[in-house]
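>>> Next input, structure requested:
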Amino acid sequence: MNCLVTIDGPTGSGKSTVGRLLAKKLQYHYLDTGAMYRAIALAIRRAGMEVQNEEEIGIICSGLDIRFIHEGNSIRTYLGNEDVTVAIREPLIDLMASNVSAIDSVRKVMIRLQRKIASQGPLVAEGRDMGTVVFPEAQHKFYLDASLEVRVNRRFLERQNKGELISREKVKEDLIRRDYQDMNRYLSPLRPARDAKIIDTTKLTPNGVVERIMKDMKIGNNRGM
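Sure, this is the predicted structure:
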């Protein structure tokens, strides 16, 4: 577990951006577990199924082919042979993913897959329960957080840049709802691992967070450059 870094945290904390930057610097693989659950949510929506139908969802989940492919400087998410990188970032899919991730049969399949990926080489794993449930023995665990207003602003700008016509208040409402779902679900609620290093990213740039993580890991800044 020395070559495994876990980064957990709520929406807007910067964990995805930081995870990608850190993986590039360390020359590790990068695992976006949130994208995996969003891909499942997308498949469920397309199948016209209700999230409450746990048995059927478990069957669908076990048969899905979810892959990450590096294309230039980006990492694309594939569902089978389809690039769903953009489709899984819709707001509705984001909220569905939180519900899907609370289903026991789905989590069991995903945890097996995530651990299999980790066995294939050095990895930066980003999500909401990487350090607490999926990789409890990882040596390097981090939990990113930021003030609510900063997280809302980051999310608002992200959705604006995608061309969405949405108010800042609606973004805040969605984020608060997602936080509540993630922190209060019965299975693997969002929380820092007891041995995780907590980093407040409110006033930090993504590169600043990466530097802090690498310093904690006792790795020089020239690694992977």
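
>>> hey, let's count contacts and neighbours off CA atoms from now on
Fine.

>>> May I have the phi/psi pair for Ile75?
Backbone geometry at Ile75, expressed as degrees, to the nearest 10, gives phi -120, psi 120.

>>> what's around it, how many residues?
Residues contacting Ile75 under the criterion other C-alpha atoms under 10 Å number 15.

>>> Counting neighbours, what do you get for Val209?
If you count neighbours by other C-alpha under 10 Å, Val209 ends up with 23.

>>> I'd assumed Gly19 was in contact with it.
No: with contact defined as C-alpha atoms under 8 Å, Val209 does not count as touching Gly19 (9.8 Å).

>>> Could you report the neighbour count for Leu64?
13.

>>> Do I have it right that it meets Glu82?
No: checked against C-alpha under 8 Å, the pair Leu64 and Glu82 is beyond contact range at 11.9 Å.

>>> counting contacts, what elements does the helix or strand where Glu173 lies pack onto?
In the assignment (DSSP states H and E), Glu173 maps to helix 168-184. Packed against helix 168-184 by the contact rule (3 or more C-alpha pairs under 8 Å, 6 or more residues apart in numbering; DSSP states H and E) you find helix 91-100, helix 148-161.

>>> did I read that right, Phe142 in a strand?
Yes: under DSSP: H, G, I helix; E, B strand; the rest coil, Phe142 falls within a strand.

>>> Could you list everything it pairs with in the sheet?
Ile7, Lys197 (DSSP bridges).

>>> all numbers from here: first residue = 745
Sure, I'll start counting at 745 from here, so that last one is Phe886.

>>> quick one: contacts for it?
Counting by C-alpha atoms under 8 Å, 6 or more residues apart in numbering, Phe886 touches Val749, Thr750, Ile751, Asp752, Gly875, Pro936, Ala940, Lys941, Ile942, Ile943, Ile957.

>>> Ramachandran angles for the first one?
Val749 adopts backbone torsions of phi -120, psi 130, taken as degrees, to the nearest 10.

>>> so the helix or strand hosting Ala787 versus helix 835-844, what angle?
Following DSSP H and E, one finds Ala787 within helix 777-790. Inter-element angle recorded for helix 777-790 and helix 835-844: 100 degrees (by axes from the mean of the first three to the mean of the last three C-alpha atoms, to 10 degrees).

>>> and helix 777-790, which residues are buried?
Neighbour counts over helix 777-790 (16 or more other C-alpha atoms under 10 Å) mark Thr777, Gly778, Ala779, Met780, Tyr781, Arg782, Ala783, Ile784, Ala785, Leu786, Ala787, Ile788 as buried.

>>> What is the burial count for the residue nearest to the fourth one when sequence neighbours are not counted?
Sequence neighbours aside, Ile810 is the residue nearest to Met780 in space, at 6.8 Å (criterion: C-alpha to C-alpha, 6 or more residues apart in numbering). Neighbour count of Ile810, defined by other C-alpha under 10 Å: 19.
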